[in-house]
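Enquirer: got a sequence here, can you model it:
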Amino acid sequence: MDCLADWPEPIVRVQSLSDSGATIVPSRYIKPPADRPCFESLPCEVNIPVVDLGDPDAASTVSKACRDWGFFQAVNHGVCRELMNSAREVWREFFHLPMETKQAYSNSPKTYEGYGSRLGIEKGAILDWGDYYYLHFSPPCLKSQAKWPALPVFLRHTVEEYGKQLTKMSERVMELLSLGLGLDRGRLQRGFGGEEVGVCMRVNYYPTCPQPDLTLGLSSHSDPGGITVLLPDDKVKGLQIRHGGGWVTVQPLSDSFIVNVGDQIQVLSNAIYRSVEHRVVVNSTAERLSMAFFYNPRSDLLLGPMPELVNQDRPAMYQPMTFDQYRLYIRKQGPRGKSHVESLKAI
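Expert: Here you go, the predicted structure:
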């Protein structure tokens, strides 16, 4: 992991670029024409499925959504609405603290924990228009209290409680995904390593951008881990999902979460569930903040398709790999669509 000790170039905070009043996007952030954003979606009545997690038929609804879309919006999820609002507010306050205060929490590519502004360590890479804050909840060996901001004063308490409630919600989603595969409700959890899972969060901050048609807040990618539970911005849209040959802009519902399966679920399910490319567009007039909560397998556990889902008609589609190995591969290259998980396909 020595190659991940530091970033290959000096870090520039995107928030500083935005606050400078510049009217053009620096060349390091301009995407190739084929990768530039679109600000249109399919007709407004087309949106990702909505799932009531308390419904008796939630397993079949979740299963269909994850087979057809890889995404769904979760309502009746059990997370306190006041906590959702408080979590958004404390992180907004953090990103508006003086820069020198935030810089004390600067991160490295080794764990990503702390205040960051780029993904991947490829020198000269085209960068995304966004800053972030990354925190580990578990395993305990990765959680560094020194990286948990002391300001705003209620941030640590709020984020700890948020992590507990999101973990419970993630466990519920894992049960529903297992049942949707025709397995017992705890099978996917055992496939993740039982209680020895990895839990982390990335708070994404996308400052205003003078030329949003030239760049992206986050490049097209599928999530490398297990499941992602996203608390979107409650005022500004930005998440786009690849579906039906184009990009759909997600219309967030009030007090809902956006849930998607990651590459590890695709591997374990032998591609019955599929992770889906998504990206983030930015805005010329409004900043945007979202909170992505990641529920991942134990990092040193060798993962491949579950035996129950492999047969003569559907052989194992992926070579086994640990999440540590997979994550290292991605950290070196940064977001690259679906190319990472496709590289695991068995010959």
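
Enquirer: would you map the helices across this protein?
Expert: For the chain, applying DSSP state H gives helices covering 14-19, 58-68, 81-95, 99-103, 155-180, 187-191, 263-268, 323-333, 339-342.

Enquirer: need the ones you listed in CSV with mean neighbour count, distance to Tyr115 and mean pLDDT, can you?
Expert: Glycine gets a C-beta too; all of them are placed from N, C-alpha and C. Listed next are these as CSV, based on neighbours: other CB atoms under 10 Å; distance: least, CB to CB, whole Å; pLDDT from 0 to 100:
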stretch, mean neighbour count, distance to Tyr115, mean pLDDT
helix 14-19, 18, 10, 97
helix 58-68, 19, 33, 97
helix 81-95, 17, 9, 98
helix 99-103, 13, 5, 97
helix 155-180, 19, 13, 98
helix 187-191, 21, 32, 97
helix 263-268, 26, 26, 96
helix 323-333, 17, 17, 78
helix 339-342, 16, 25, 57
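
Enquirer: same list (those) but as CSV, adding distance to Pro224.
Expert: Below are those laid out as CSV (distance: least, CB to CB, whole Å):
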stretch, distance to Pro224
helix 14-19, 22
helix 58-68, 17
helix 81-95, 23
helix 99-103, 26
helix 155-180, 16
helix 187-191, 16
helix 263-268, 5
helix 323-333, 5
helix 339-342, 7
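
Enquirer: could you pull out the strands for the chain?
Expert: Taking DSSP state E as the test, the strands found in the chain are 50-52, 71-75, 114-116, 131-138, 198-206, 218-221, 227-231, 239-243, 246-249, 257-261, 278-280, 288-296, 302-303, 321-322.

Enquirer: could you list the residues in contact with stretch 93-104?
Expert: Contacts to stretch 93-104, defined as CB atoms under 8 Å, 6 or more residues apart in numbering, come from residues 13, 15-16, 115, 131, 133, 149, 151-152, 155, 203, 205, 289.

Enquirer: restrict it to CA atoms and write it as CSV.
Expert: In CSV, the C-alpha atoms belonging to stretch 93-104 read as follows (Å, rounded to 0.1, in the frame of the first residue of the first chain):
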residue,chain,number,x,y,z
GLU,A,93,-21.8,23.8,8.3
PHE,A,94,-18.6,21.8,8.1
PHE,A,95,-18.0,22.6,4.5
HIS,A,96,-18.5,26.3,5.2
LEU,A,97,-15.9,26.4,7.9
PRO,A,98,-12.7,28.3,7.2
MET,A,99,-10.4,26.4,4.8
GLU,A,100,-7.6,26.2,7.4
THR,A,101,-9.9,24.4,9.8
LYS,A,102,-10.9,21.8,7.2
GLN,A,103,-7.4,21.3,5.9
ALA,A,104,-6.4,19.9,9.3
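
Enquirer: coming back round to it: neighbour-wise, which of the contacts of stretch 93-104 leads?
Expert: The residue in those with the most neighbours, by other CB atoms under 10 Å, is Tyr133 (26 neighbours).

Enquirer: residues contacting the residue nearest to it when sequence neighbours are not counted?
Expert: Spatial nearest neighbour of Tyr133, chain neighbours left out: Val203 (4.5 Å); criterion: CB to CB, 6 or more residues apart in numbering. With contacts defined as CB under 8 Å, 6+ apart, Val203 is in contact with 91, 94, 132-135, 289-292.

Enquirer: could you single out the nearest of those residues to Asn260?
Expert: Closest to Asn260 out of the contacts of Val203 is Ala292 (9.6 Å), distances taken as CB to CB.

Enquirer: for that closest one, what are its contacts?
Expert: Counted by CB under 8 Å, 6+ apart, Ala292 has contacts 201-204, 228-230.

Enquirer: swap in 6 Å and give it another go.
Expert: By CB atoms under 6 Å, 6 or more residues apart in numbering, the contact set of Ala292 is 202, 228, 230.

Enquirer: surely Cys209 is in contact with Val282?
Expert: Yes - between Cys209 and Val282 a contact is recorded at 4.3 Å, counting by CB atoms under 6 Å.

Enquirer: looking at these two, which is more packed in?
Expert: Val282 (30 against 25).

Enquirer: I'd guessed that one sits against Trp129; true?
Expert: Yes - using CB under 6 Å, Val282 is in contact with Trp129, at 5.0 Å.

Enquirer: where does the prediction get shaky in this structure?
Expert: 1-3, 39-46, 332-347 (pLDDT under 70).

Enquirer: quick revisit: so what's in contact with Cys209 and Val282 at the same time?
Expert: Common neighbours of Cys209 and Val282 (CB under 6 Å, 6+ apart) are Trp129.

Enquirer: who wins for proximity to Leu303 among the helices of the chain?
Expert: Between these, helix 263-268 lies closest to Leu303; by CB to CB that is 5.8 Å.
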